[in-house]
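Novice: Next input, structure requested:
(one chain, ligands or ions: 1)
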Amino acid sequence: MKIFLDTANIDEIREAADIGVIEGVTTNPSLIAKEGRDFKATVKEICEIVHGPVSAEVIALDWEGMVAEGKELAAINEYIVVKVPFTKDGIKATSMLAAEGIDVNVTLVFSPNQALLAAKAGAAFISPFAGRLDDIGHDGIEIVSQCQDVVLNYDYEAEIIAASIRHTEHVRRCAEVGIDVATIPFKVLMQMMKHPLTDIGIDKFLEDWNKANQ
Ligand code: E4P
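Specialist: As a prediction, the model looks like this:
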């Protein structure tokens, strides 16, 4: 499973990239706003650090605006993936951008039928939101998995990105069912590194080593 980092924070991206376990980054307007920096400069800097797919989201809601913004974003760097919300206009914009060879990540996907339509439109990535589905009483990862089954049944090109990941159990379940990509917050990535028995084990090894006067 590929791991993308779900953040627009440059320090977090640099640290995760240095560790060597992330293959891309997803941003959204909320994450960009949180950093308080220029949008295009931020995603350009992220591309220079990560050298993998970096999702940058359009703000327009009409397809003409989405296509125009998408082309501007794609021109920033070869790694930019244009993120487009799942709406009728979003799907039309996806078809048009994909026809021009621009990679699109269709976001705010909450059902397998939406995933099917995004795949048909030529999306490179499709992002069902696990956490927000959990919030309304669904099993988010189960729906992410259904979205991936739909795409795999027909050999569409799209990769499924499990988004809105809230905790390590989400990540484990994604990996267990073979989701293509999980985009995870930095905090969750750090939690995945930790296990108390690893820390206890290291302390014990060092204690024994020192006792033996090595
Ligand atoms: C990523 O593509 C999504 O925008 C992000 O995972 C949404 O996460 P949230 O539901 O925690 O805001």
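
Novice: Could you list everything the residue nearest the centre of the chain pairs with in the sheet?
Specialist: Residue closest to the average C-alpha location in the chain (C-alpha atoms, centre = their mean): T183, at 3.3 Å. Judged by DSSP bridges, the bridge partners of T183 are F4.

Novice: how about the residues of this structure near the ligand?
Specialist: D6, T26, N28, T107, S127, F129, G131, R132, A163, S164, T183 (C-beta under 6 Å from any ligand atom). Where C-beta positions appear, they are placed from N, C-alpha and C, glycine not excepted.

Novice: Enumerate every residue touching the first one.
Specialist: Yep, that's D6 we're talking about. Neighbour list for D6: V25, T26, L31, A163, I165, T183, I184, P185 [criterion: C-beta atoms under 8 Å, 6 or more residues apart in numbering].

Novice: ok, the nearest residue to the last one once chain neighbours are set aside to F205 distance?
Specialist: The spatially closest residue to P185, leaving aside those adjacent along the chain, is D6, at 5.2 Å (C-beta to C-beta, 6 or more residues apart in numbering). Relative to F205, D6 is positioned 35 Å away (criterion: C-beta to C-beta, to the nearest Å).

Novice: go on, G65?
Specialist: Counting by C-beta to C-beta, the gap from G65 to F205 is 59 Å.

Novice: Kindly report the same for A74.
Specialist: Distance, A74 to F205, by C-beta to C-beta: 50 Å.

Novice: which of these two has more neighbours?
Specialist: Neighbour comparison, A74 and F205: the larger count goes to A74, with 20 against 10 (by other C-beta atoms under 10 Å).

Novice: How about the contacts made by that one?
Specialist: By C-beta under 8 Å, 6+ apart, the neighbours of A74 are I80, V82, L97, I102, D103.

Novice: now with 10 Å?
Specialist: Taking C-beta atoms under 10 Å, 6 or more residues apart in numbering, we find A74 in contact with A56, I80, V81, V82, L97, E100, G101, I102, D103, V104.

Novice: what is the mean pLDDT for the longest helix that the chain contains?
Specialist: As assigned by DSSP state H, the longest helix anywhere in the chain is helix 196-211. For helix 196-211, mean pLDDT is 97.

Novice: Show me what the mean pLDDT comes to for stretch 152-169.
Specialist: Averaged across stretch 152-169, pLDDT comes to 97.

Novice: buried ones in it?
Specialist: Y156, A158, E159, I160, I161, A162, A163, S164, I165, R166, T168 (16 or more other C-beta atoms under 10 Å).

Novice: residues contacting the residue nearest to the first one when sequence neighbours are not counted?
Specialist: In this case it means Y156. The shortest distance from Y156 to any non-neighbouring residue, by C-beta to C-beta, 6+ apart, is to A119 (3.8 Å). If you count contacts by C-beta under 10 Å, 6+ apart, A119 has them with 94, 106, 126, 147, 150-158, 160.
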